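Peer 1: This is a predicted model, with the sequence first.
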Amino acid sequence: MRQLVRESAKGAPIRTVPFRFLRAWLRIGERGYSGAGQTGEADLYTLREHRLPGGRDLLLYGRAVHDEAPGLALPAEPSGAEPHLRWHPLQGEWVAYAGARQARTFLPEAAACPLCPAKEGRLGEIPFTGFEVAVFENRFPALAAASAAPVLASVETAPAAGRCEVVVFSADHTGGLGSFSLDRLALLIEVWGARVEALGKTYPYILPFENRGEEIGVTLHHPHGQIYAFPFVPVRAARAAGAQAEAPVVARLIETADSALVLDDDGEALALVPPFAMYPYETWIVPRRRVPGPAALRPSEIEAMARLLRRGVRRLDGLFGRPMPYILIVQTAPRGFENSFHMTIEIRPFLRDANKLKYLAGVEQGSGVFLVDVPPELAAERLRAVSPGGEA
């Protein structure tokens, strides 16, 4: 039976422990589906835990056992200003302040990418020459467990006591969700599920997401996403969860979906442009069965979601003949809403036409009302006209 190995920054094992994940019957870093109500072939992933300089966690997920000896990694970041929260009395929500993020790495050359595998003469965040999917604590976090809040007379403050993780999708510096193999996308969905479940034991709301493109503010080109574990449930997440607690909004969306809005139907999952899209060419990937997050997906549902995710990104990239800048969000249940929340993967593109960005300008920022230049029905028609390519 394989082992989940925890290591120190120098690579010396700390201890070996069994790893249990959700309903999986297989243990020790393996995920299997053989319990009641589950279908499909068993999918396995291994998990290796490593400790980076400064004590940050590095998690390596893969189909194959990762047993390479670690090399050197980037040294720990000097202590800086701790993040904290301030309450906005007019908006009724928290604002996070994290001055240390100003020092984060900004658009380095590929040869200096800190997310690429380590090699002689270059230190990075991942001190191994190869990996499949890597997750590590962000060097420049907006939320940190050890944070403290300043005492201010004019505003309520609180520690930003959460956690920020970076999810590196691949060892390759190029590529993306539209070019990865279906197995890699399935593994990524499993990793999202594993991290949401693990972090959800401590934090009430977990947000996996990907920012893609310099237009969005990406500072590293290597394909990657992030996961934020919040110490509170943000207003927008609470509002969406409350709406689903009152009525099965997403289930009704699937049941009553206008064929003019559907991009792909894979049986167990659906890709569509929502009739209330807030962005031009907004695309949702939705499992038909209501689940609160990716950890509850069956193997066949993961495969369907992976296929539709790749097809969705390929359609967006083919729309204007260039990589679409977007924000991808994995919407998962806040704590307490697991029995009513229906997870979605939402892609919010930022091009309204070739070389024309969709800006969140005066009306959106001032009133909160979104102005959408392309009606959902027209967006879906144009996306369906783009070939997503083969399934290899």
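Peer 2: Nice, I can see it.

Peer 1: For stretch 281-291, C-alpha coordinates in PDB please.
Peer 2: In PDB, the C-alpha atoms belonging to stretch 281-291 read as follows (Å, rounded to 0.1, in the frame of the first residue of the first chain):
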ATOM      1  CA  TYR A 281     -19.800  34.800 -23.500                       C
ATOM      2  CA  GLU A 282     -20.000  33.800 -19.900                       C
ATOM      3  CA  THR A 283     -19.900  30.000 -19.700                       C
ATOM      4  CA  TRP A 284     -21.100  27.600 -16.900                       C
ATOM      5  CA  ILE A 285     -20.200  24.000 -16.500                       C
ATOM      6  CA  VAL A 286     -22.800  22.300 -14.300                       C
ATOM      7  CA  PRO A 287     -23.300  18.800 -13.000                       C
ATOM      8  CA  ARG A 288     -26.900  17.600 -13.400                       C
ATOM      9  CA  ARG A 289     -26.900  16.000 -10.000                       C
ATOM     10  CA  ARG A 290     -26.800  18.500  -7.200                       C
ATOM     11  CA  VAL A 291     -23.500  18.300  -5.300                       C
END
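
Peer 1: Run the chain-centre distance for that stretch.
Peer 2: 15 Å (Cα atoms, centre = their mean, to the nearest Å).

Peer 1: So for it, what gets flagged as buried?
Peer 2: Y281, E282, T283, W284, I285, V286, P287, R288, R290, V291 (16 or more other Cβ atoms under 10 Å). C-beta: built from backbone N, CA, C; applies to glycine.

Peer 1: Could you pull up the mean pLDDT of it?
Peer 2: The pLDDT scores in stretch 281-291 average 98.

Peer 1: sorry, back to before: which of the buried residues of stretch 281-291 fall in strands?
Peer 2: T283, W284, I285, V286, P287 (DSSP state E).

Peer 1: rewinding a little: now, among the buried residues of stretch 281-291, which is nearest to Q244?
Peer 2: The closest of the buried residues of stretch 281-291 to Q244 turns out to be R290 (Cβ to Cβ; 9.1 Å).

Peer 1: My read is that that closest one contacts P248, right?
Peer 2: Yes: checked against Cβ atoms under 8 Å, the pair R290 and P248 is within contact range at 7.2 Å.

Peer 1: Now the common contact residues for those two.
Peer 2: H342 (Cβ atoms under 8 Å, 6 or more residues apart in numbering).

Peer 1: Turn the ones in strands among the buried residues of stretch 281-291 into JSON lines, including distance to R122.
Peer 2: Below are those laid out as JSON lines (distance: Cβ to Cβ, whole Å):
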{"residue": "T283", "distance to R122": "36"}
{"residue": "W284", "distance to R122": "39"}
{"residue": "I285", "distance to R122": "36"}
{"residue": "V286", "distance to R122": "41"}
{"residue": "P287", "distance to R122": "40"}
